[in-house]
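Visitor: No sequence on hand, only this structure:
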C-alpha cells in the first residue's frame, strides 16, 4: 500500500507543509498528499505518480513492480530469477562445505540439492510433530531463500539429507513451523484481498490447462527451485472485466531501488518501469525484497534523497555472511 498516511498527517499538522489541508479531508490529487515517505506498494506508487504527477514530490520505490499486470508472466519470470540466484547460493554453500556437507563446488551442491528435490518427491516424509509431509517443494523452497537466510537453509538441507528419525529436524521446524500471532493482533497478510486485487487487474487469466503446461515447463527450466511455484492459474474464470490503469511518463523526481538478484521484484522490471514512467534506477547488489532501509548505510542514502534530492550513492544492501 502507498504510505501516504505519514506524509498527509505531517502536512495536516504543519502549516509550512500543508497550508489548507484538514485532517480527514485529504483526497487523492490534493497538493498536500505528497508521498514523501517510502512507498510500500510499488505498483500503487507507480499508478499514483502517473495519475497525479503535479502533486507528487520526491518518490522512492523499493523493489518496484513491473508496469504490467499479468500473473502468469509474473510467476514465470520470478521463478527464472530465483533459479538464477540459486547459483549464488550454491557457490556460497560450496565455500562452507565443512559446515553443510552439500558439496565442495557449486556444481556438486546443485547436483546434491536437485537429488534431494527428486528424492523427496518420490518419497515424501511425514513426521509426528509436523502437520504436512516434507516433499520436493520443501527442498526447492530452501534452495530459493535469500542470502541472509542461507545459513539456516543450508543447515535445514543438511538435516534433510541425513534425516532418519520420526520427528522433524529442528532447523526445518524452525523455518516452516506455524507461528501463531499474538491474540488480538491484526492478520499480517490478507490473502483474500490480495487475490481479489490481483485478479481484477490480471491481463492473463490463464486457463488451468495452459497454467499446467507452463508449470510442467517450469520444472524443466528451473529444476532446483521450480517445485516451490504452483501453476499460475489463480485467476482462471475470473468474471469481472480486466482493469488496466494508464501509466504515463513524467520528469518528476523518482528513484527505483532495484535489487539485482531478487525474485519477488525482478531487476529487469525496474528497467521496464523506468521506460514506462521515467525515473532513475538505483541498483542494489543483493537479493532482498524491500530491504533498502534495513541497512543503515542504505537508509541514510534514502533520507538524504528525501531531504536534498541528491541521487543515492551506492550501498551494499543485505549480504549473506562471509
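Guide: Looks like it came in fine. Since we're looking at a predicted model, the values are computed, not measured.
Visitor: Check whether the closest residue to residue 65 other than its chain neighbours sits in a helix, strand or coil.
Guide: The spatially closest residue to residue 65, leaving aside those adjacent along the chain, is residue 43, at 3.8 Å (C-beta to C-beta, 6 or more residues apart in numbering). For every residue, glycine as well, the C-beta is placed using N, CA and C. With DSSP: H, G, I helix; E, B strand; the rest coil as the basis, residue 43 sits in helix.
Visitor: Neighbours of residue 43, how many?
Guide: 22 (other C-beta atoms under 10 Å).
Visitor: swap in residue 276?
Guide: Other residues near residue 276 number 16, with proximity taken as other C-beta under 10 Å.
Visitor: That one touches residue 64, doesn't it?
Guide: No. Taking contacts as C-beta atoms under 8 Å, residue 276 lies outside contact range of residue 64: 10.4 Å.
Visitor: intersection of neighbour lists for the two?
Guide: Common contacts of residue 276 and residue 64 (C-beta atoms under 8 Å, 6 or more residues apart in numbering): residue 46.
Visitor: pretty sure the residue nearest to residue 65 is touching residue 61, no?
Guide: No. In this structure, residue 43 is not within contact of residue 61 by C-beta under 8 Å, at 9.2 Å.
Visitor: Can you check the pLDDT for the residue nearest the centre of the chain?
Guide: Centroid-nearest residue in the chain, with C-alpha atoms, centre = their mean: residue 264, separated by 3.0 Å. Looking at residue 264, its pLDDT is 94.
Visitor: Spit out the contact partners of the residue lying closest to it once chain neighbours are set aside.
Guide: Once flanking residues are discounted, residue 264 sits nearest to residue 289: 4.3 Å by C-beta to C-beta, 6+ apart. By C-beta under 8 Å, 6+ apart, the contact set of residue 289 is 63, 146, 259, 262, 264-265.
Visitor: can you put those in a markdown table and add distance to residue 95?
Guide: Shown next, in a markdown table, are the contacts of residue 289 (distance: C-beta to C-beta, whole Å):
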| residue | distance to residue 95 |
| --- | --- |
| 63 | 27 |
| 146 | 17 |
| 259 | 22 |
| 262 | 21 |
| 264 | 26 |
| 265 | 27 |
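Visitor: Give me the subset of those lying in strands.
Guide: residue 259 (DSSP state E).
Visitor: and of the contacts of residue 289, the nearest to residue 298?
Guide: residue 259 (10.6 Å; C-beta to C-beta).
Visitor: How many neighbouring residues does residue 243 have?
Guide: Neighbour tally, residue 243, other C-beta under 10 Å: 11.
Visitor: Can you verify it is assigned to a helix?
Guide: No. Counting by three-state DSSP, residue 243 is located in no helix; its state is coil.
Visitor: Just to check, it is in contact with residue 199?
Guide: No. With contact defined as C-beta under 8 Å, residue 243 and residue 199 do not form a contacting pair (10.2 Å).
Visitor: How much space separates residue 234 from residue 207?
Guide: Counting by C-beta to C-beta, to the nearest Å, the gap between residue 234 and residue 207 amounts to 12 Å.
Visitor: Next: residue 274.
Guide: As for residue 274, its distance to residue 207 is 33 Å (criterion: C-beta to C-beta).
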